[in-house]
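Colleague: please find the sequence and the predicted model below.
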Amino acid sequence: MINSLEKIPVSIFRSPMEGSIYAAQQIANLIRARQMEGRNCVLGLATGSTPISMYKELVRMHREEGLSFRNVITFNLDEYYPLERDAIQSYWSFMHNNLFDHVDIPASNIHLPNGEWTTDEMKRRCMEYESMMDAVGGIDLQILGIGNNGHIGFNEPGSSLHSRTRLITLDYSTRMANSREFQNISKVPRLAITMGIHTIMKAKRIILMAWGMKAPIVAKAVEESMTEHVPASLLQDHPDCRFVIDTLASTELTRIKSPWLAGEITWTPDMTKKAVVNMAIKTGKPILSLTNNDYNENGLGDLLVEKGDSYDINLEVFYSLRDSITGWPGGKPGNQLPNHPERSNIIPKRCLIFSPHPDDDIISMGGTFMRLNDHGHEVHVAYQTSGNIAVTDEFVTRFLDFAVGFEEMFGIDNARSEQILNDARSFLQHKKPSQSDTEAVRAIKGLIRRGEATATCRYVGLPEGRWHFQNLPFYETGTIVKNPMGEKDIELTMELLREIRPHQIFAAGDLADPHGTHKVCLDIVLESLKRIKEAGDEWIKDCWLWLYKGAWQEWDIAEIMMAVPMSPDQVLKKRHGIFIHQSQKDMVPFQGSDAREFWQRAEERNANTANLYGALGLTRYAAIEAFVRWDY
Ligand code: F6R
């Protein structure tokens, strides 16, 4: 649908993979067209998590379809400063690992700003970088990602439309978001060299890619006024720029979020709920107080015409929200309520909570976790990954010191143990920022998180044996970049499912973040369930899947199918459960752009959901955890 609200053309793809294939095809078409004309093809390239699948697809095209890069000249957008060129976090390394080392591009055709340039030569080098682009006829196709603050390249908010390649100071939020590439925020360089906005705007054609969690900034850049505070919005002035996004990154665009404002639509019950809830939030009125006038003034005149009167529509939506609230997440014994979110005919249930990291269970559904156990259900938790990468070196060193002290204190003389401890301590003392942990250090870090998860299960009151550490192999790369889901991951998960035969599964439903651990963990659960279903296991017919959101987001209120309220005391109990994860307190390495601690985020989010329900005219609880039932 072409939409007048969108000031930049946007193509929406079902998944990041499909969007990446489209972008790779655009690049390949251009390279081939130029080859036919005997000309070079000049590409502007980006790094970060967004373009990784696109580079994979280009490498595949090179290997399987003979796409040659002999006539390709590349200029990368940016590089951290200062940083050795071959550090694992450098964009030079990123580009070689993801593309250049796997295709036939001549080394002399590759250009990147260099994190080793001295400050004295910086101005001259930056000017030369621009001149080199001009000398080869300018960039034919520029690939961009987008930062959560709207940056393109590393042009942070406030960058001028006239800016060129230069040294800039990174925003704190950018350093936070990119801390996943480094050990922790303090190790992320404060500066970077980046092409300017003017440099980017000179490209003949631009494709900006964005997936998942970038939805809010995508909508801002595309629909709101152009401003240097949102650098990507300046692309509205480019004659040939297109945003390539996936379904999740499109959710804040008006045509998706409020399609009734962007054209004619079919009024399904879900759409009606979404529209009415949005209107109530916007007008600040409880649902049952909305009038015909409100419907007309908020672009819902069509709905009114179709359904008759606001009173009937209000009631329909109100009841649907009311029926989603339950303090009985495993079903209410003795009650056969047709509209209750869970079945009450099977009680007690066997429940299985999949927790991608060792703390997602308590952070994202701690209240429900405790409630299920208190109600006598047989609750199991499967910790899908070891989470070892998120334990800092300082933290593990403290544990090593403890172990050494313990041995000394009790005169334990075990050569093997002593060697492991000494090796680990000396490794950590001399570890370079670019170095990955040894297997032993990784294992010890994993053990620390395992201990925290076990303590949480005991705190909740689970009997021994109800927690399962899966240590899924896709995660165990020792680096931030994880493997894709593999057969072994699925095999281990199917085995556990068949052992427990749950009536109820809870899994982290973070459909966004295509390269994140949560998404892979969900894919593994979905694939395992699919295979078990295909194999015809009888128990799976009675097994429902509920999704919760990880630490970063919450479901849209209109999507929520089960809302589990918590009292102030339960909120406090959940907070203390989160505190048990001491290795994740204060400053965790891979936190994203949100500086708050997990307990704060969880509490604020649960309170917000409760307040929203209250504002819509339903009972106002202290906090609510929210779930969506997934039809697998
Ligand atoms: C990287 C770059 C940045 C990223 C942006 C998004 O070369 O120029 O603008 O595109 O920070 O990063 P990811 O893709 O990691 O979310």
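Modeller: Sure thing, it's come through.
Colleague: what's near enough to touch the closest residue to residue 158 other than its chain neighbours?
Modeller: Of all residues not flanking residue 158 in the chain, residue 228 sits nearest, at 5.9 Å (Cβ to Cβ, 6 or more residues apart in numbering). The C-beta positions use only the backbone N, C-alpha and C, and glycine is treated the same way. With contact set as Cβ atoms under 8 Å, 6 or more residues apart in numbering, residue 228 has these partners: 157, 158, 159, 160, 161, 234.
Colleague: which parts of the lowest-mean-pLDDT helix or strand in the chain are buried?
Modeller: Between all helices and strands in the chain, the lowest mean by mean pLDDT, DSSP states H and E belongs to helix 172-177, at a mean of 88. Across helix 172-177, burial judged by 16 or more other Cβ atoms under 10 Å covers 173, 174, 175, 176, 177.
Colleague: and the pLDDT at the residue in the chain that the ligand sits nearest to?
Modeller: Per Cβ to the nearest ligand atom, residue 145 is where the chain lies closest to the ligand, at 2.3 Å. According to the prediction, residue 145 has pLDDT 98.
Colleague: number of nearby residues for it?
Modeller: If you count neighbours by other Cβ atoms under 10 Å, residue 145 ends up with 20.
Colleague: leaving out sequence neighbours, find the closest residue to it.
Modeller: Using Cβ to Cβ, 6+ apart, the closest residue to residue 145 is residue 50 (3.9 Å).
Colleague: do the same with residue 561
Modeller: residue 629 (4.9 Å).
Colleague: what residues does the residue of the chain closest to the ligand make contact with?
Modeller: Counted by Cβ under 8 Å, 6+ apart, residue 145 has contacts 46, 47, 48, 49, 50, 51, 152, 208, 209, 210.
Colleague: try it again with 6 Å
Modeller: Counting by Cβ atoms under 6 Å, 6 or more residues apart in numbering, residue 145 touches 46, 48, 50.
Colleague: roughly how far does it sit from residue 53?
Modeller: 12 Å (Cβ to Cβ, to the nearest Å).
Colleague: now swap in residue 582 and tell me
Modeller: In terms of Cβ to Cβ, residue 582 sits 36 Å off from residue 53.
Colleague: hmm, back to that, near the ligand, anything from the following helix or strand past the least confident helix or strand of the chain?
Modeller: Counting by DSSP states H and E, the element after helix 172-177 in chain order, helix or strand, is strand 191-194. No: using Cβ under 6 Å from any ligand atom, strand 191-194 stays clear of the ligand, with a minimum separation of 7.0 Å.
Colleague: who's in contact with strand 191-194?
Modeller: Contacts for strand 191-194 (Cβ under 6 Å, 6+ apart): 78, 79, 80, 81, 113, 153, 154, 155, 167, 168, 169, 170.
Colleague: ok now it, how far from the chain's centre?
Modeller: 25 Å (Cα atoms, centre = their mean, to the nearest Å).
Colleague: then the following helix or strand past it to CSV, C-alphas only?
Modeller: Next in sequence after strand 191-194, counting helices and strands by DSSP H and E, comes helix 197-201. Taking Å, rounded to 0.1, in the frame of the first residue of the first chain, the C-alpha atoms of helix 197-201 are listed here in CSV:
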residue,chain,number,x,y,z
ILE,A,197,25.3,13.0,6.2
HIS,A,198,26.3,15.0,3.2
THR,A,199,28.6,12.1,2.1
ILE,A,200,25.7,9.7,2.5
MET,A,201,23.2,11.9,0.7
